[in-house]
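**Q** Dropping the sequence and predicted coords here.
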Amino acid sequence: MDLGIAGRVCVITGGSRGIGLETARLLRAEDAKVLLVALDAEVLADAAESLDGGDESIATLPLDITEPDAGEQMLGAALAEFGGIDVLVNNAGAVRHRDLFAVPDADWRAQYELNVMAPLRAMKAIAPAMAERGWGRIVNVCSTAAKRPSQLMPDYSVAKAAELSLSRLFADHFVKEGVLVNAVCPGAALTEMWTEPGGLLDQAIERTGAADREAALADTSATRPNGRLATAAEIAAAIVFLCSERASYVGGAAWSVDAGAVQVII
């Protein structure tokens, strides 16, 4: 299927690895142009090199997206590199398993900055520019924890629920101007967030006493309806569809991509 986004300019936060990088890979397969945004310049350079495309179709922007002017910086970079912006994927995120009463105030605030204020600033800067062009797609990568809060991730769950509300507000505001805003709510996906040292697999070992990472992964997988975690590509496929011309009548949605793990109908 031709998704109708060849030549479109796509900005992806958290674009140097995991779901963000896989989203960029699928967008490049549709001949879209991508601006990868993440903290580490060296990791970003490696990510860009791993994508299929020349210098004219891929750009990077090392940036702390919680900076107050991060939205303006992303818009400025897209304009400088590609002359415009058509798609924004707010994907950056981080999570740590902890008990509700073990989360300090600073971490509640940090999750809110990363998952609410950063997407808010990005959309405030970029959505009006899309509206001026009469076409735009924004996808906010939330979590199933936004729909059913997780006792293992209290601060993350609350921030992601707020991000869903934020997505809906922007969707309603911009739909008549040709800018469609949607959210994707992934379940657990086997990305660096799980597999890196100190990541969620190691945290699961510490929490449950599992013998090793393989056992921790098996235990987690057994709780999923289909017996496994998602791949980054499976989540990215849903994101890319919502970025496309084919999603021309989807607005204000919050799509669960979790194999049915969260049993809700909204």
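**A** Thanks, I have the structure now.

**Q** hey, let's count contacts and neighbours off CA atoms from now on
**A** OK.

**Q** centroid residue for the chain?
**A** Asn91 (2.0 Å; C-alpha atoms, centre = their mean).

**Q** which residues does that residue contact?
**A** Listed by C-alpha atoms under 8 Å, 6 or more residues apart in numbering, the contact set of Asn91 reads 12-15, 19-20, 140-142.

**Q** swap the cut-off to 6 Å and go again
**A** 13-14, 141 (C-alpha atoms under 6 Å, 6 or more residues apart in numbering).

**Q** Regarding the residue nearest to Gly187 when sequence neighbours are not counted, what are the backbone dihedral angles?
**A** Nearest non-adjacent residue to Gly187, counting by C-alpha to C-alpha, 6 or more residues apart in numbering: Asp258, 4.3 Å away. According to degrees, to the nearest 10, the main-chain angles of Asp258 amount to phi -150, psi 20.

**Q** CA atoms of stretch 38-57 as PDB?
**A** C-alpha atoms of stretch 38-57 as PDB (Å, rounded to 0.1, in the frame of the first residue of the first chain):
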ATOM      1  CA  ALA A  38      17.400  12.800  20.800                       C
ATOM      2  CA  LEU A  39      19.900  13.800  23.500                       C
ATOM      3  CA  ASP A  40      23.100  12.100  22.400                       C
ATOM      4  CA  ALA A  41      24.700  13.400  19.200                       C
ATOM      5  CA  GLU A  42      26.900  10.400  18.700                       C
ATOM      6  CA  VAL A  43      24.100   7.900  19.100                       C
ATOM      7  CA  LEU A  44      22.000  10.000  16.800                       C
ATOM      8  CA  ALA A  45      24.700   9.900  14.100                       C
ATOM      9  CA  ASP A  46      24.900   6.100  14.400                       C
ATOM     10  CA  ALA A  47      21.100   5.900  14.100                       C
ATOM     11  CA  ALA A  48      21.100   8.100  11.000                       C
ATOM     12  CA  GLU A  49      23.800   6.000   9.400                       C
ATOM     13  CA  SER A  50      21.700   2.900   9.900                       C
ATOM     14  CA  LEU A  51      18.800   4.300   7.900                       C
ATOM     15  CA  ASP A  52      18.400   3.900   4.200                       C
ATOM     16  CA  GLY A  53      18.900   7.300   2.600                       C
ATOM     17  CA  GLY A  54      21.300  10.000   1.700                       C
ATOM     18  CA  ASP A  55      22.200  13.200   3.400                       C
ATOM     19  CA  GLU A  56      19.300  15.000   1.800                       C
ATOM     20  CA  SER A  57      16.600  12.800   3.300                       C
END
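
**Q** in it, what counts as buried?
**A** Neighbour-count burial for stretch 38-57, counted by 16 or more other C-alpha atoms under 10 Å, picks out 38-39, 44-45, 47-48, 51, 53, 57.

**Q** what's the offset of that stretch from the middle of its chain?
**A** 17 Å (C-alpha atoms, centre = their mean, to the nearest Å).

**Q** Quick check: mean pLDDT of that stretch?
**A** In this model, stretch 38-57 has an average pLDDT of 89.

**Q** circling back to that earlier point, pull the most distant pair out of the buried residues of stretch 38-57.
**A** Leu39 and Gly53 (21.9 Å; C-alpha to C-alpha).

**Q** for the stretch 101-250 of the chain, what spans make up the helices?
**A** With helices called from DSSP state H, counting those that start in this stretch, the stretch 101-250 of the chain shows them at 105-112, 118-133, 154-174, 192-195, 200-208, 213-221, 232-242.
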